[in-house]
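K.L.:
Give me a model of this one.
(2 chains)
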Protein chains: 2
Amino acid sequence: MAPRKKDDILNATLELLAEKGYEGLTVEGVAERSGVNKTTIYRWWPSKAALLGAALIEARALDLESPDTGSLRGDLQVLIEEMARLLTAPPTCDIAVAALGAAAGNPELAEATRAFFADRYAREAPVFERARARGEIAEDVDPMLIVDLLAGAVWLRVVLRGLPLDESFTGEAVRVVLGGVAALPGAGRG
Amino acid sequence: MAPRKKDDILNATLELLAEKGYEGLTVEGVAERSGVNKTTIYRWWPSKAALLGAALIEARALDLESPDTGSLRGDLQVLIEEMARLLTAPPTCDIAVAALGAAAGNPELAEATRAFFADRYAREAPVFERARARGEIAEDVDPMLIVDLLAGAVWLRVVLRGLPLDESFTGEAVRVVLGGVAALPGAGRG
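P.N.:
Residues are numbered from 1 along each chain as shown, chains lettered A, B, ... in the order given. This is a model prediction of the structure:
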């Protein structure tokens, strides 16, 4: 399949998910929106869940550039701001909520969201390898835990609590993960 | 309504949600399981979403005791272990995933899950008031951010990534939130 055509199909999939939710997403609708024959789409992706799984990982809307600002602090700031943008701005906030909701009752789709998070972590990992090489990060820290804390905080505040992110949220989250919250005598705050 | 009867109704609601998902949850099913007349249930809760909203906050299965171990570290450890237990052990893990999935496409239910998280935060807040009074927590830290980081990390690792929590996860998360990940010269790790 021509890369351009594939892009059109995957973008149409995410657009329709954002507009109509998972229930309203159909391969027929994707065919119509993208101008690609339904049979062709089914030849590449045997189900709606498979199509959405591919779109989550490959579509440009959810693309993630691995930052390389020269410091762990700078890279974490870029990563969390990108997560905050994805989860607060349309259409990606609607895509994320609809995909998550649908995955809750659908094992094939749950597998697709797990693959999505694994793919993102693979792109985030170089940030931590460079930070370790620069001696910025304690040896015994699991880098995935750093992503879990930062991204999890954005998910919880925005998606589960339904609260707005105020301006200082991302900076504060990075500051806490780097330096901690403890006000102990002699404990640096980073 | 007698407290005992109310408990039976709310417990039946969560049981059925865990077993059948939100689609399969019906007021009729709750009436049958709890032995309370359907009309009586509707008199108290006008919709399935309202019933589930009440169950999320009031049913014993999701109850949260605010810990008071004498230290911020101890209290955070109890809180995160409780979150980990809720999100990994049946039936509460099924309840959480089903409620979250259903809330994604249902504004009334989304309001109920927001109320659930607000209620939990109200119960967690005394931990941070006591920590502040003991001088354990930096003055300028938003306590809700601490919960967002810890609880968000568990949600992300378990529910979104679908990965197991290894034994060290909760302790490591508390350690990072207290002391940070930075390996800077002179920066204490708490």
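K.L.:
And the longest helix that chain A contains, what does it pack against?
P.N.:
For chain A, the longest helix by residue count, based on DSSP state H, is helix A:107-133. Helices and strands touching helix A:107-133, by 3 or more CB pairs under 8 Å, 6 or more residues apart in numbering or on different chains; DSSP states H and E, are helix A:48-58, helix A:72-88, helix A:92-104, helix A:143-154. Every residue, glycine included, has its C-beta placed from N, CA and C.
K.L.:
Could you list the buried residues of it?
P.N.:
A:109-110, A:112-114, A:116-117, A:120-121, A:124, A:127-128, A:130-132 (16 or more other CB atoms under 10 Å in any protein chain shown).
K.L.:
show me what contacts residue A:153?
P.N.:
Counting by CB atoms under 8 Å, 6 or more residues apart in numbering or on different chains, residue A:153 touches A:173, B:145, B:148, B:149, B:152, B:153.
K.L.:
How about the contacts made by residue A:98?
P.N.:
A:17, A:18, A:21, A:22, B:104, B:105.
K.L.:
and with 10 Å instead?
P.N.:
A:14, A:16-25, A:52, A:91, B:104-105 (CB atoms under 10 Å, 6 or more residues apart in numbering or on different chains).
K.L.:
before we move on, what about residue A:79?
P.N.:
If you count contacts by CB under 10 Å, 6+ apart, residue A:79 has them with A:64-67, A:120, A:123-124, A:127, A:146-147, A:150-151, A:170, A:174.
K.L.:
Domains in chain A, by residue range?
P.N.:
For chain A, automatic domain parsing gives the domain ranges A:3-58, A:64-179.
K.L.:
possible to save these as TSV with mean pLDDT?
P.N.:
Listed next are the domains of chain A as TSV, based on pLDDT from 0 to 100:
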stretch	mean pLDDT
domain A:3-58	94
domain A:64-179	93
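K.L.:
Write the ChimeraX selection for whichever of the contacts of residue A:79 are buried.
P.N.:
A single ChimeraX command selects the buried members of the contacts of residue A:79 (16+ other CB under 10 Å):
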select /A:67,120,124,127,146,147,150,151,170,174
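K.L.:
Out of the contacts of residue A:79, which comes closest to residue A:161?
P.N.:
Closest approach to residue A:161 among the contacts of residue A:79 (CB to CB): residue A:151, at 14.8 Å.
K.L.:
burial count for the spatially closest residue to the closest one that is not a sequence neighbour?
P.N.:
In space, and not counting its chain neighbours, residue A:151 is closest to residue A:83: 5.1 Å by CB to CB, 6 or more residues apart in numbering or on different chains. Neighbour count of residue A:83, defined by other CB atoms under 10 Å in any protein chain shown: 23.
K.L.:
Am I right that residue A:83 is in contact with residue A:150?
P.N.:
Yes: between residue A:83 and residue A:150 a contact is recorded at 7.2 Å, counting by CB atoms under 10 Å.
K.L.:
shared neighbours, those two?
P.N.:
Common contact partners of residue A:83 and residue A:150 (CB under 10 Å, 6+ apart): A:170, A:173.
K.L.:
Roughly how far does residue A:68 sit from residue A:166?
P.N.:
28 Å (CB to CB, to the nearest Å).
K.L.:
likewise residue A:70?
P.N.:
Distance, residue A:70 to residue A:166, by CB to CB: 27 Å.
K.L.:
repeat for residue A:15
P.N.:
Residue A:15 sits 30 Å away from residue A:166, going by CB to CB.
K.L.:
neighbour-wise, which of those two wins?
P.N.:
Neighbours were counted for residue A:15 and for residue A:166 using other CB under 10 Å; residue A:15 has more, 21 against 10.
K.L.:
That one: what's it in contact with?
P.N.:
Here residue A:15 is in contact with A:25, A:29, A:30, A:33, A:34, A:55, A:59, A:61, A:91, A:94, A:95 (CB under 10 Å, 6+ apart).
K.L.:
check those against chain B, which are close?
P.N.:
By CB under 10 Å from any CB of the partner chain, the members of the contacts of residue A:15 lying near chain B are residue A:94.
K.L.:
Quick check on the contacts of residue A:15: which are buried?
P.N.:
Looks like those have A:25, A:29, A:30, A:33, A:34, A:55, A:59, A:61, A:94, A:95 buried, using 16+ other CB under 10 Å.
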